[in-house]
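Undergrad: return a 3D structure for these sequence lines:
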Amino acid sequence: MAAIFATIGDAPPARGLIFASPDTEPAEEVPRSFPYWEHVTQRRYDGPTTLYLGAGYVLTARHVGMGEIPILGKMYAPVPGSKRSLLNVNGTAADAMVFALDRNVDLPDLPLLPIARSPALPGEEVLVIGFGRGREKVIEYELDGRTQFGFTWTKKGGKRWGTNRIQSNSEILSQGDYTTRAIVFRFDQPLSPGATRYEAQAATGDSGGAVFVQREGVWQLVGMMVSVSGEVRVPSASSRYGDTTFAADLTYYREEIMRWTRPLCANELDDDGDGRIDFPLDPGCDSPSDRNEWDASSEGDESLRLALAATIAAGSFLLYAAWRKSRRQRGTSTPRSTSPSSAD
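TA: Below is the predicted model:
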């Protein structure tokens, strides 16, 4: 099958995600017992989807870019120059990035968004959430002498959730300057063996959208939608059964995401070497957003810091004295001089 790959964040969003029919759309606005609905938001002015990771950081696709985002009814501005692209092991850029929100205002009162450690498995059901276009009407067209059916996209819409099932977790998606380690799910016909109850396909505007898995009763972010593919000869701005959605495998980029976005008291590392990790186990952490694990109340630690500061100061003085002595012995040269100074 000839396929066309397209990013899904280059146009205004619509009623998120494509469904086969009203019977396969969820009736509930928010998935039951799902705690991270407000973390999925969008770039201002009806832009594509963004994910609030907590602690003042946002994750989205690189082709979506930075921008103001609304959370809990309030608009938050990005910090200029805070964009950090996620990289592959060979140094190439993935279609994924994080950026910081302005901390001069109170940050959203939302918990940290947990990122899965292990990849989504083929056959594993996922929950997808985005602000992309939705199904408008059924269309009929001819392809290779056979009648085919598809669904045109609406022009506008709102936030929506659906489900799907992972087809592959080891794809490499190459588009322009981006190479992304990806997981893939396919838009299956209702009642087919692989179809889920609320089978959904991504569309324009869903870029940056969330892919969640639930493991042992805990929801975890496992992917971020970045692209769709399908038959190149179908009508534009439409979907059909067999189309696929590509999502960045966030477990592959997890370490880098944690390094850029997690405060020291929530980065899952023992930064102060006391054998206790993060809030609430480390006594130096007042909250998950605390950026210092050091226990300021410990007299021993305070003494160690003072001794270290004194040692550094003494060492610096000795180095300075030695440098001054060397200057007296060797003299100086002009910045552009290539000959020895008069004192050599």
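
Undergrad: could you pull out the strands for the stretch 1-150 of the chain?
TA: For the stretch 1-150 of the chain, the strands defined by DSSP state E, counting those that start in this stretch cover 3-7, 18-19, 40-42, 49-54, 57-60, 69-71, 74-76, 84-87, 93-100, 125-130, 135-143, 146-153.

Undergrad: and the residue positioned nearest the centre of the chain, how close does it get to residue 196?
TA: Nearest to the geometric centre of the chain sits residue 59, at 3.3 Å (CA atoms, centre = their mean). Here residue 59 is placed at a distance of 25 Å from residue 196 (CB to CB, to the nearest Å). From N, CA and C alone the C-beta is placed, and that goes for glycine too.

Undergrad: next: residue 57.
TA: Residue 57 is 31 Å from residue 196, by CB to CB.

Undergrad: which one of these two has more residues nearby?
TA: residue 57 (23 against 17; other CB atoms under 10 Å).

Undergrad: which residue comes closest to that one once chain neighbours are left out?
TA: residue 261 (3.8 Å; CB to CB, 6 or more residues apart in numbering).

Undergrad: tell me the domain ranges of this protein?
TA: Domain assignment of the chain by automatic domain parsing yields the ranges 3-260, 298-334.

Undergrad: which one of those domains is the most hemmed in?
TA: domain 3-260 (a mean of 19; mean count of other CB atoms under 10 Å).

Undergrad: avg pLDDT for it?
TA: Averaging pLDDT along domain 3-260 gives 91.

Undergrad: and stretch 186-202, how far apart are its ends?
TA: 10 Å (CA to CA, to the nearest Å).

Undergrad: need the contact partners of it.
TA: 8, 17-21, 23-26, 125, 128, 130, 132, 160-165, 167, 209, 225, 228, 239-245 (CB atoms under 8 Å, 6 or more residues apart in numbering).

Undergrad: can you tell me how far residue 81 is from residue 37?
TA: 30 Å.

Undergrad: ditto for residue 143
TA: Residue 143 is 38 Å from residue 37, by CB to CB.

Undergrad: pretty sure residue 283 contacts residue 265?
TA: No. The criterion here is CB atoms under 8 Å, and residue 283 misses it with residue 265 at 10.8 Å.

Undergrad: the two: which is more packed in?
TA: Neighbour comparison, residue 283 and residue 265: the larger count goes to residue 265, with 23 against 16 (by other CB under 10 Å).

Undergrad: quick one: pLDDT of that one?
TA: 71.

Undergrad: correct me, but residue 110 touches residue 72?
TA: Yes. Counting by CB under 8 Å, residue 72 is a contact partner of residue 110 at 7.5 Å.

Undergrad: could you look up the SS state of residue 256?
TA: At residue 256 the chain is in helix, as set by DSSP: H, G, I helix; E, B strand; the rest coil.

Undergrad: spatially nearest residue to it, not counting backbone neighbours?
TA: That would be residue 86: by CB to CB, 6+ apart, it lies 5.4 Å from residue 256.

Undergrad: any idea how far apart the tips of stretch 182-194 sit?
TA: Start-to-end, stretch 182-194 (CA to CA) is 19 Å.

Undergrad: let me fix that, I meant to ask about stretch 185-202.
TA: 10 Å.

Undergrad: before we move on, what about stretch 245-255?
TA: First-to-last residue span, stretch 245-255, CA to CA: 24 Å.

Undergrad: identify the contacts common to residue 110 and residue 72.
TA: residue 38.

Undergrad: hmm, the residue nearest to residue 256 is touching residue 99, no?
TA: No. If you go by CB under 8 Å, residue 86 and residue 99 don't touch, sitting 11.6 Å apart.

Undergrad: so what's the nearest residue to residue 148 once chain neighbours are set aside up against?
TA: Computed as CB to CB, 6+ apart, the closest residue to residue 148 that is not its neighbour in sequence is residue 141, at 5.5 Å. Contact partners of residue 141, counting by CB under 8 Å, 6+ apart, are 147, 148, 150, 234, 235.

Undergrad: distance of residue 141 relative to residue 57?
TA: 44 Å.

Undergrad: and what of residue 107?
TA: 10 Å.

Undergrad: which residues do those two both contact?
TA: Common neighbours of residue 107 and residue 57 (CB under 8 Å, 6+ apart) are residue 101.

Undergrad: got the angle for the biggest strand by length in the chain vs strand 93-100?
TA: Ranked by number of residues, the top strand in the chain under DSSP state E is strand 160-175. Angle of strand 160-175 versus strand 93-100, following axes from the mean of the first three to the mean of the last three CA atoms, to 10 degrees, is 130 degrees.

Undergrad: quick one: residue 122 from residue 194, how far?
TA: For residue 122, the distance to residue 194 equals 10 Å [CB to CB].

Undergrad: go on, residue 22?
TA: Going from residue 22 to residue 194 by CB to CB gives 21 Å.

Undergrad: if we can go back for a sec, give me every residue that touches the residue nearest to the centre of the chain.
TA: 50, 51, 53, 96, 97, 98, 208, 224, 257, 261.

Undergrad: ok, so of those, who is nearest residue 136?
TA: Of all the contacts of residue 59, the one with the least separation from residue 136 (CB to CB) is residue 208, at 22.3 Å.

Undergrad: which ones are touching the closest one?
TA: 9, 42-43, 48-51, 59-61, 64, 130, 224-226.
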